[in-house]
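Visitor: With the sequence up front, the predicted model follows.
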Amino acid sequence: MRGRFENFPTAAGRDLRPCHPPGDHNTGEEGHSVVQPTYDDANMLLHLYEIRREEKLRKARHWFLFEFQPTSWGEIRDRYFSGEEHDNYLRMVGTYWDMVCAFVKQGVLNKELFYATNSEHLTVWTKIKPWVEDARSDRKNPLMYRYLEEIAEDTLLWRQRQTQQSTQKL
């Protein structure tokens with residue numbers, strides 16, 4: 001990866017160049033672009049998994065997945081956006097998955113590998129989806145959780161294609 005990414009920044013000793021340079025695509029069945037996952041993709045997935053095991057994020061994920069019962073944006077805003085621990089949990093889980101999905105959307109992390117190995121983002125999106133439009137409007141942030149939304153919806157389409165291809169092969 002010389003040239004365009006030669007002087008790409010690094011952080012904490014990690015090379016942050018995209019794993020897949022532009023044009024590094026194969027075409028799979030039905031004309032869908034397929035990029036062969038790299039060891040960098042696998043390492044990034046493992047690192048993201050390690051982050052999920054961090055104690056505070058683990059508590060936040062547990063609360064979000066099992067205790068948080070969202071209703072309307074108004075109730076969520078009044079009850080949880082208070083600076084208290086649950087406020088931190090809500091933001092931590094939502095922004096973690098939005099960030100991970102941004103990596104996928106921007107091509108930093110292999111989409112096929114991510115879709116094949118992750119599903120928690122779908123549950124997170126399912127809990128956020130009913131109130132996100134009101135939150136975007138209220139916070140004047142039309143991009144709030146946009147990557148999470150796009151990747152969750154695309155993951156569902158990917159799963160449908162995988163199911164159809166598996167059924168056709170039988």
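Guide: Noted; the coordinates are in hand.

Visitor: Can you name the next helix or strand after the helix or strand where Trp97 lies?
Guide: Using DSSP states H and E, Trp97 falls within helix 85-105. Toward the C-terminus, helix 85-105 is succeeded by helix 111-117 as the next helix or strand (DSSP H and E).

Visitor: Buried residues, the helix holding Trp97. List them.
Guide: By 16 or more other C-beta atoms under 10 Å, the buried positions in helix 85-105 come out as 86, 88-90, 92-94, 96-98, 100-105. From N, CA and C alone the C-beta is placed, and that goes for glycine too.

Visitor: residue boundaries of the helices in the protein?
Guide: Using DSSP state H, the helices of the chain run over 39-52, 55-62, 73-80, 85-105, 111-117, 120-139, 146-169.

Visitor: elements contacting the fifth one?
Guide: The reference is to helix 111-117. helix 39-52, helix 85-105, helix 146-169 (3 or more C-beta pairs under 8 Å, 6 or more residues apart in numbering; DSSP states H and E).

Visitor: residue nearest the centroid of the chain?
Guide: Cys101 (2.6 Å; C-alpha atoms, centre = their mean).

Visitor: pLDDT wise, what is Gln165 at?
Guide: If you check Gln165, the pLDDT there is 82.

Visitor: now do the one 4 residues further on
Guide: pLDDT, Lys169: 72.

Visitor: and Arg52, what does it touch?
Guide: 58, 61, 96 (C-beta atoms under 8 Å, 6 or more residues apart in numbering).

Visitor: which non-adjacent residue is nearest the first one?
Guide: Spelled out, it's Arg58. Leaving out its chain neighbours, the residue that sits closest to Arg58 by C-beta to C-beta, 6 or more residues apart in numbering is Arg52, at 7.0 Å.

Visitor: Including distance to Pro130 and pLDDT, could the contacts of Arg52 go into TSV?
Guide: Below are those laid out as TSV (distance: C-beta to C-beta, whole Å; pLDDT from 0 to 100):
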residue	distance to Pro130	pLDDT
Arg58	25	97
Arg61	19	97
Tyr96	20	98
